[in-house]
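In: Compute the structure for the input listed below.
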Amino acid sequence: LAKMLKQRSAAGISLKTQFLYALVFTTRYLDLLTRYVSLYNTVMKIFFLATSWHICYLMRSKSPWKATYDRENDTFRIRYLIIPCVVLALIFHRESIHELQEVFWTFSEYLEAVAVLPQIFLLEYTERYDALTSHYLFALGAYRLFYVFNWIYRYATDGTVLWVSVVAGVLQTVLYVDFFYHYLKQVVRRAKQKYDLAN
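Out: Residues are numbered from 1 along each chain as shown. Sure thing, here's the model as predicted:
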């Protein structure tokens, strides 16, 4: 959002990925309506929801972001991500007294694992690896990788595992492998260009 507001451009950003993340946060944070954890928790959840939906609004409706959004190349069919995640969430979710909320939470876990695919496809298709967008995606992938380490730690110390989170996290990390390869290739190429210019 900061990049979009500063540059007044949505170039290189997939609206479909942004929509999927907004859907992830909306279905995951339904507990805002049923329980209070802490002020920090509530504020952060509202912040994620507001910024995610605001990005979607800017890219769909407001100039200059609407004009700079690459609609022609952001063609990933997200229904092929959403429908299987709904089916998986209905079949594989934790039993709870808040059954419907658990189904939504599980759906958000599955969807988060694949939400980045439209962005990766857009980058691959256009071959425009904008530095900030690429660094953002790299950070998202690294975050998920560290989540895997967290699950291993939690299992070792508590003996508890949320298998839905583990499976979704491993899947998301695997999906990033191709992006990491291209990201590192770009970083090396740019570093080499800077080195060549300095000599």
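
In: quick one, longest helix in the protein?
Out: Ranked by residue count and defined by DSSP state H, the top helix of the chain is helix 163-198.

In: Determine the set of other helices and strands touching that one.
Out: helix 99-114, helix 117-126, helix 131-158 (3 or more CB pairs under 8 Å, 6 or more residues apart in numbering; DSSP states H and E). The way it works is simple: take the backbone N, C-alpha and C, and place the C-beta from them, glycine included.

In: Let me see the mean pLDDT of the second one.
Out: Along helix 117-126, the predicted confidence averages to a pLDDT of 85.

In: Taking helix 163-198 as reference, get the angle to it.
Out: Helix 117-126 runs at 30 degrees relative to helix 163-198, counting by axes from the mean of the first three to the mean of the last three CA atoms, to 10 degrees.

In: again, but for the last one
Out: Angular relation of helix 131-158 and helix 163-198 on a 0 to 180 degree scale: 140 degrees, by the same axes, to 10 degrees.

In: Where does pLDDT dip in the chain?
Out: Under the criterion pLDDT under 70, the flagged ranges of the chain are 1, 97, 128-135, 195-199.

In: Pull the distance from stretch 94-110 to the chain's centre.
Out: Chain-centre distance of stretch 94-110: 19 Å, with CA atoms, centre = their mean, to the nearest Å.

In: Show me which residues of that stretch are buried.
Out: 101-110 (16 or more other CB atoms under 10 Å).

In: Over to stretch 136-150?
Out: Quick answer for stretch 136-150 (16+ other CB under 10 Å): 137-138, 140-141, 144-145, 147.

In: Tell me the spacing between the residue nearest to Gln101 when sequence neighbours are not counted and Ala22.
Out: Using CB to CB, 6 or more residues apart in numbering and skipping residues adjacent in sequence, the residue nearest Gln101 is Leu30, 5.6 Å away. Distance of Leu30 to Ala22, computed by CB to CB, to the nearest Å: 14 Å.

In: and if you look at Tyr136?
Out: In terms of CB to CB, Tyr136 sits 16 Å off from Ala22.

In: same deal with Thr51?
Out: Applying CB to CB to Thr51 and Ala22 gives a distance of 9 Å.

In: Could you do Cys85 as well?
Out: Counting by CB to CB - Cys85 and Ala22 are separated by 14 Å.
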